[in-house]
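>>> Let's see this in three dimensions:
(2 chains)
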2 protein chains.
Amino acid sequence: MNPQALLTDLTARLREASDLARASAVLQWDQSTGMPPGGAAARARQLALLGRMAHERAADAAIGRLLDRLQPYADALPLGHDHAALVRTARRDFERERRVPPDYSARLAEHASATYAAWMEARPRNDFGSLRPRLETTLDLSREYAGFFPGHAHLADPLIDAADEGMSAARLQPVFASLRQGLAPLLARIAGAPQVDDAPLRRHFPAAQQSRFSRAVIESIGYDFQRGRLDPTAHPFMTRFAHGDVRITTRTNEHFLGEQLFSTLHEAGHALYEQGTRAEDDGTPLGGGASAGVHESQSRLWENIVGRSAEFWRHWYPALQAEFPAQLGGVELPAFYAAVNRVHPSLIRTDADEVTYNLHVMIRFDLEMDLLDGRLAVADLPAAWHDRYQADLGVSAPDDRDGVLQDVHWFAGLIGGAFQDYTLGNIMGAQFYAAALRADPEIPAQVSRGNCAPLRAWLTANVYQHGRRLPPDDLLESVTGGPLDARPLLERLTAKSSEIYDL
Amino acid sequence: MNPQALLTDLTARLREASDLARASAVLQWDQSTGMPPGGAAARARQLALLGRMAHERAADAAIGRLLDRLQPYADALPLGHDHAALVRTARRDFERERRVPPDYSARLAEHASATYAAWMEARPRNDFGSLRPRLETTLDLSREYAGFFPGHAHLADPLIDAADEGMSAARLQPVFASLRQGLAPLLARIAGAPQVDDAPLRRHFPAAQQSRFSRAVIESIGYDFQRGRLDPTAHPFMTRFAHGDVRITTRTNEHFLGEQLFSTLHEAGHALYEQGTRAEDDGTPLGGGASAGVHESQSRLWENIVGRSAEFWRHWYPALQAEFPAQLGGVELPAFYAAVNRVHPSLIRTDADEVTYNLHVMIRFDLEMDLLDGRLAVADLPAAWHDRYQADLGVSAPDDRDGVLQDVHWFAGLIGGAFQDYTLGNIMGAQFYAAALRADPEIPAQVSRGNCAPLRAWLTANVYQHGRRLPPDDLLESVTGGPLDARPLLERLTAKSSEIYDL
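Residues are numbered from 1 along each chain as shown, chains lettered A, B, ... in the order given. All right, here's what the predicted structure looks like:
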């Protein structure tokens, strides 16, 4: 058989597995946006069935045979050729599906679901103790997972690589260390300056008006409502059912303006990436983001680098004031700009500002390493959490509710690889944006005129349209000219904080 | 293996096939309520895949072997035993899945989808001619379908039986004839009386207020929003994802009050049936309605027998007036009651009143028989349609748009078996309601106090909770004490029309 016939067969099989996974995504989206309570039990069963069937198709030995026959052809192609990229990504996905036994996946799913339910009950009661045995099982399952990938340098590496291809504990630690070394003195200088007032954001902002403004903003940055929709949910997310159907969700706090707007911009950033992939890649491994970290770089870029910039608000603030004249009519632009960029060490990661956010993430990353290495026992986790918050952020939670119990991640999945992509995203987002400015210095001026098209066009040409063609490291290198580097992020945060806090 | 083990195995297999079909239903619901236009192509592919997989599971030979081994056990059980009913319904479904070849289903699906698209374009252009060759293929496919069920008396019988188990052309024709013989003179007498004014329904009624009222009404009759939801759509429908998730959709005309309210009541009637089945039957063939006709009997019962009754409006009209004081404040209850029961021969089935509705259906049923029998050529269908409307209803459409092209059914499925369930529903709905009144004569008095619980309790005990345990004929006989009979419907329509038109 010639390569073209093999590729056609391979693509058809991959697309079927993808279609089953996308059907699951529709059921999950429905579950998170509008499913009545009575639907939960049957939905769990239906999702388990579809998940099993998607795995069976994705791990079908026939795919392995097709890949083996295509490998010599792919090896002879020039680097970056579409067929070589398809074979490379399909093989990576296939190997991962094959290495993790279905029996393990079933045990993990059951454990994760039971632990999630227990966490939902235990967190309001501030009851870490009842979760401890479950978390120890989670740790065992995390180590068992690593065992399916022999040859790893660190137990966390297979989990990190699952989300962020090519990344490892050994590669992350020095980059994170350099980021922390830059953030600590910056935070200390901010703490010494007069604090900014965010009271303008904490008035009453009716949900319907917030939604109207958020929709206008994301439509203006390029989110295509003909190929997506925006719905309310409890925990915002982006999901892709197809190249032509990339949905986002958001949540609203009528007493804090930052919640809906920045959450919507964040998810719209993820969606611009997916909407910017190529239609012909739909249903193949190439049709999607390069990694969790690269995906997060785009949500963070639009949420923070664009959405909290002076030039963005130069254009949008008059429209926001017109929407909320009573609440914001008397607030000048500089005061509003300072309010959305207020730096304030706090307890909750998801509420954190741009400067302290990465400190929250790195605490979790380090604790994951300590747990996996056996340097830290689960029983000692709450105390270790408390100590690290005191040391890195100077705050301590009065209880575990807003301490070690605050994030769902460890209570609905594995330990290790659960958090690094957030900070990877912040780092890479700053690198990509710096490269965009080098290529087109007019971008900020255009943003200040409400025109985000030049920035989106550059991102589409350099990042989005490639989908998963390049591994994350190669993509970063080819677009920014260098490897992972925390300096652009530190420079950006230092410059903005210096302006706002007059450092 | 003992029967219990075989039944457990059987139920697990049936539930998997059902879960795949229910997953399809979620995707279809989403497509009809909120999917962005860009999602259409991938969604069609995903639905085709799920449909194929559901068929593979439902037609799995292992199910046939389990049924064969269970048959002697089932035969020895008393009539009406749950296990006997499960084996009976599972065998009926299995046989139908096996008899229709997947290759035929694929051809039919492709033809139906292409014809539907062509109809969407041709109808506004009043272009029956371009659809004629397609409709001839539809007729060939309908005859081919009949061929999979050897031994039928009429080509339409396998199609009729697919929707309405046990029903046939020979059984329907005399019942329909007796109905037509009763309706014709009634319609003539109404035509001779002064016409009722429905202007009160044709004012401006804002959608949000209509929705608030409709939701209050269906909640009051017993629709459980904890196990369902109501959404807007183009063509209203009810769909069941699980016993705990039975959804309905509706549409709104701000210039005609009847549209949303009665459409919502209609779909809520379907939903009360599904919500009233037993939780433990979920995912098995017993968890659903007895037939299309019996299902329609419940939508019609709540829409018409309850929803257009004097006692219903005695309770609800003050609330409706309070919702729309400007529009209805000056309209007295008798005038409003007459308006929602106005009889007026018209061109469009879906807009028809209770008296003429069945004449629309029977025209279509007779034309289906003539087409399948070869007495009528597709080319002559528009003229035959025109003649029958003139003869039965005294109206003629100025073109085919509102004539033979008005219903989607023949342009998105087969010819034969597409319409009879609407009139079967009207007939059986009246029979069930008469039986309910014999059992509990207080029902109308309770409805006039806004209490539909006694009626719903009787229907749940006698119809809903049995699901598909009994074949439709047995259910009707056991509940009403007699066979299919148009007289209760005729008596009800005659009594109500006599009151309103002072005949």
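
>>> How many residues are close by the residue lying closest to A:Asn304 once chain neighbours are set aside?
Leaving aside its chain neighbours, A:Asn304 sits nearest to A:Glu354 (5.4 Å; criterion: C-beta to C-beta, 6 or more residues apart in numbering or on different chains). Quick note: C-beta positions are derived from backbone N, CA and C, even for glycine. Number of residues near A:Glu354 (other C-beta atoms under 10 Å in any protein chain shown) recorded here: 21.

>>> Surely A:Glu354 touches A:His344?
No: taking contacts as C-beta atoms under 8 Å, A:Glu354 lies outside contact range of A:His344: 11.1 Å.

>>> If we look just around chain B, which residues of the stretch 1-150 of chain A are in range?
A:15-16, A:19-20, A:22-23, A:26-27, A:30, A:34-43, A:45-46, A:49-50, A:53 (C-beta under 8 Å from any C-beta of the partner chain).

>>> now the residue nearest to A:Asn304: how far from A:Val395?
17 Å (C-beta to C-beta, to the nearest Å).

>>> what's the answer for A:Tyr273, then?
A:Tyr273 is 33 Å from A:Val395, by C-beta to C-beta.

>>> got a pLDDT number for the residue nearest to A:Asn304?
Looking at A:Glu354, its pLDDT is 97.

>>> Could you measure from it over to chain B?
From A:Glu354 over to chain B the distance is 32 Å, taken as C-beta to the nearest C-beta, to the nearest Å.

>>> contacting residues for that residue?
Contact analysis of A:Glu354 by C-beta atoms under 8 Å, 6 or more residues apart in numbering or on different chains lists A:Asn304, A:Arg308, A:Asn341, A:Val343, A:Asn426, A:Leu493, A:Lys496.

>>> Check A:Arg227 too.
A:His243, A:Gly244, A:Asp245, A:Val246, A:Gln275, B:Pro36, B:Pro37, B:Gly38, B:Gly39.

>>> what does the model give the residue nearest to it when sequence neighbours are not counted for pLDDT?
Leaving aside its sequence neighbours, A:Arg227 sits nearest to B:Gly38 (C-beta to C-beta, 6+ apart; 3.4 Å). With respect to pLDDT, B:Gly38 has a value of 95.

>>> how many neighbours does B:Gly38 have?
If we define neighbours as other C-beta under 10 Å, then B:Gly38 has 21 of them.

>>> Next: A:Ala242.
What A:Ala242 shows, counting by other C-beta under 10 Å, is a neighbour count of 26.

>>> That one bridge partners, please.
Under DSSP bridges, the beta-bridge partners of A:Ala242 are A:Asp245.

>>> Now for it: which residues touch it?
A:Arg22, A:Asp282, A:Gly283, B:Gly38, B:Gly39, B:Ala41, B:Ala42, B:Arg43.

>>> Surely the last one and B:Leu27 touch.
Yes: under the criterion of C-beta under 8 Å, B:Arg43 is in contact with B:Leu27, at a separation of 6.3 Å.

>>> So which residue is smack in the middle of chain A?
The C-alpha lying nearest the average C-alpha coordinate of chain A belongs to A:Glu296 (C-alpha atoms, centre = their mean; 4.0 Å).

>>> just checking, A:Ala25 touches A:Phe237?
No: look at A:Ala25 against A:Phe237 with C-beta under 8 Å: they stay out of range, at 10.1 Å.

>>> before we move on, the earlier item: of the contacts of A:Arg227, keep whichever come out buried.
Buried by 16 or more other C-beta atoms under 10 Å in any protein chain shown: A:His243, A:Gly244, A:Asp245, A:Val246, A:Gln275, B:Pro36, B:Gly38, B:Gly39, out of the contacts of A:Arg227.

>>> pLDDT wise, what is the second one at?
pLDDT, A:Gly244: 97.
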